[in-house]
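A.B. asks: Quick one: sequence plus predicted model below, questions after.
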Amino acid sequence: MRYSVLRHFGTPTVILALLCANYPAVGRENPERLESNVFAPAIVIGFVGGLVRHNNDVHSEVQLATRLRNAYPSSVHVIMFENRRGVQARREIMRLLDVNHDGTLSPGEKLDARIAIYGHSWGASETVTLARALGKEGIPVLLTIQVDSIAKLGENDESIPANVAQAVNFYQRRGLLQGRQRIRAADASRTQILGNFQFDYKTNTVNCEGYPWYARFFMRPHLEIESDPSVWRQVERLIRSKLDPPVARGTT
């Protein structure tokens, strides 16, 4: 099934949850797993934009990572990276997937991967680049999420590689920095594009407190989509749809 572009201006939408409900996460049944009954935890990788530090909690993508870590303290690895650290992110994923610690990934270990990747600005561009690098290793990705994606030099943030099951793009088109309007599947038979969702902050302004004055002056809409709670609620909902339900604290 194909979905047309939805233009959405500044208010929460539930359509992504409905789409996810019809496209379940990859399960644990893997006929190629022969070596053990130990499975790698789910992995969520986030990339910050620009020159932002990975732990700068002014930024919504960092705040989301903290919420996910608190909700899934043992069952999910949630790791933030600067957008220039894509190689390190790939190495960390390979390490986490190597459940028998033999230094190589078997076909079973690769197919057991449950990975979601998200990012803002240059971090969104790095999201696609990391997914593409994992695809060259034969590692599937459940979900990529781009928020106001700005392509880095030498990177293609438009074409979603075939190892990605689902992808979604949130963007705005005002100011000096304007996000990519459209992403597409390199292989539409293998990747579902959930949509390209436009936000507009001309009349629905968002508080960007904590950002430098010059950033607020020159690229405010780019910061508003990064700071928009309605965007990040949808991002979080999508990621959680790919994870097992969190275990209540104090239960065994």
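C.D. replies: Perfect, I can see it now.

A.B. asks: show me where pLDDT drops low in the protein?
C.D. replies: 1-38, 248-252 (pLDDT under 70).

A.B. asks: Just give me the residue right at the centre of it.
C.D. replies: Taking Cα atoms, centre = their mean as the criterion, Y118 is the residue nearest the geometric centre of the chain, at 2.0 Å.

A.B. asks: if I look at the nearest residue to it once chain neighbours are set aside, how far off is K202?
C.D. replies: Among residues not flanking Y118 along the chain, I145 sits closest, at 3.9 Å (Cβ to Cβ, 6 or more residues apart in numbering). Where C-beta positions appear, they are placed from N, C-alpha and C, glycine not excepted. Computed with Cβ to Cβ, to the nearest Å, the distance linking I145 and K202 is 24 Å.

A.B. asks: ok, these two, which is more surrounded?
C.D. replies: For I145 versus K202, neighbours defined as other Cβ atoms under 10 Å are more numerous around I145 (27 against 10).

A.B. asks: How many residues are close by the closest residue to C208 other than its chain neighbours?
C.D. replies: Take C208 and drop its neighbours on the chain: the residue closest to it by Cβ to Cβ, 6+ apart is L223, 4.6 Å away. Neighbour count of L223, defined by other Cβ under 10 Å: 27.

A.B. asks: How is L223 assigned, secondary-structure-wise?
C.D. replies: The three-state label for L223, taken from DSSP: H, G, I helix; E, B strand; the rest coil, comes out as helix.

A.B. asks: same deal with the one 3 residues further on?
C.D. replies: When states are read from three-state DSSP, the local structure at E226 comes out as helix.

A.B. asks: Pretty sure it sits against S149.
C.D. replies: No: taking Cβ atoms under 8 Å as the contact criterion, E226 and S149 are not neighbours in contact, 11.7 Å apart.

A.B. asks: list the residues that contact both of those two?
C.D. replies: Common neighbours of E226 and S149, counting by Cβ atoms under 8 Å, 6 or more residues apart in numbering, are S121.
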